[in-house]
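J.: Any chance you could fold what I've pasted below:
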Amino acid sequence: MLEVKNLVFAYPGQDTPWVFNFTVSPGQCIAVHGASGSGKSTVMNLLAGFLEPQSGDILWQDRSILSLPPWQRPMTSVFQEHNLFEHLDVQTNIGLGIHPGLKLLPDDQQAIENGLQSVGLGGLGKRLPGDLSGGQRQRVALLRAILRQQPVLLLDEPLTGLDSEARDLLRQLLLEQKSRGTIIILASHDKEDRRILADSVYRL
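T.: This is a model prediction of the structure:
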């Protein structure tokens, strides 16, 4: 279970701080939405450990993870920028998510190949990110996050800009992750994404 307790944060010069409180159980998705600047990306960055709150706590399985650096937290993030390494091919980008030293087992290589097929990118493993469309890059970033197999997925507008076929495909992929017990924190402007994926919705 992931618990966010009275997490308080304000940027310098911000008059009123944000205060976040919620609890998510395994296999559930919480969606947050609101206008630009309402705090959607901020709560993602706080959970991931890229921002430090003024007070409050983040508990994973009843233990605080607030002092842990991002790479030791039980979560992985997909932000709007995708964060792909432009000089590395698609397979390597995904492999780095599984193991930072690229010490991949045959099962890992097979998972990458199967994953690329599942998101409609079969045969594109040797391409560089610059040779992909924005939607394809988005699918690579999401697949990399899923194959890391962390118990919590932080998704900031992960399906924005995709065509309807790709969006349906990735929604199904995320529903499968939920069925396996993955917790999803989803920031999305899309009402249909929230309807299909979320168990509860919060407006910021």
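
J.: Just the mean pLDDT for stretch 165-180, thanks.
T.: Model confidence over stretch 165-180 averages 88 on the pLDDT scale.

J.: Show me which positions of that stretch end up buried.
T.: Buried residues in stretch 165-180, counting neighbours by 16 or more other C-beta atoms under 10 Å, are found at 166, 167, 169, 170, 171, 173, 174, 177, 178. (Glycine included, C-beta is placed from N, CA and C.)

J.: what's the answer for stretch 36-56, then?
T.: For stretch 36-56, burial by neighbour count (16+ other C-beta under 10 Å) applies to 39-49, 53, 56.

J.: Tell me how many other residues crowd residue 112.
T.: Residues lying near residue 112 (other C-beta atoms under 10 Å) number 23.

J.: Could you list which residues are in contact with the residue lying closest to it once chain neighbours are set aside?
T.: Of all residues not flanking residue 112 in the chain, residue 94 sits nearest, at 5.1 Å (C-beta to C-beta, 6 or more residues apart in numbering). With contact set as C-beta atoms under 8 Å, 6 or more residues apart in numbering, residue 94 has these partners: 112, 115, 116, 140, 143, 144, 147.

J.: Could you export those as CSV, including distance to residue 158?
T.: Output for the contacts of residue 94, formatted as CSV (distance: C-beta to C-beta, whole Å):
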residue, distance to residue 158
112, 19
115, 15
116, 17
140, 12
143, 11
144, 12
147, 15
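
J.: Show me which of these is closest to residue 10.
T.: Among those, residue 144 lies closest to residue 10 (C-beta to C-beta), at 32.0 Å.

J.: Give me the nearest residue to the closest one, chain neighbours excluded.
T.: According to C-beta to C-beta, 6+ apart, the nearest residue to residue 144 is residue 97 (3.8 Å).

J.: My understanding was that the one you found contacts residue 142; is that so?
T.: No: using C-beta atoms under 8 Å, residue 97 is not in contact with residue 142; the gap is 10.6 Å.

J.: what about those two, which has more around it?
T.: residue 142 (22 against 19).

J.: What's the first helix or strand after the helix or strand hosting the more buried one?
T.: Under the criterion DSSP states H and E, the helix or strand holding residue 142 is helix 134-147. Using DSSP H and E, the next helix or strand after helix 134-147 towards the C-terminus is strand 152-156.

J.: Give me the next element, helix or strand, following that following strand.
T.: Trace forward from strand 152-156 with DSSP H and E and the next one is helix 164-179.

J.: Would you mind listing where the chain has pLDDT under the threshold?
T.: 80-82 (pLDDT under 70).

J.: Can you list the residue ranges for helices in it?
T.: Applying DSSP state H to the chain gives helices spanning 40-48, 90-98, 106-118, 134-147, 164-179, 191-197.

J.: Isn't residue 88 up against residue 128?
T.: Yes: counting by C-beta under 8 Å, residue 128 is a contact partner of residue 88 at 7.5 Å.

J.: How about residues contacting stretch 58-67?
T.: Under C-beta under 8 Å, 6+ apart, the answer for stretch 58-67 is 1-5, 7, 46-47, 49, 53, 57, 72-74, 152.
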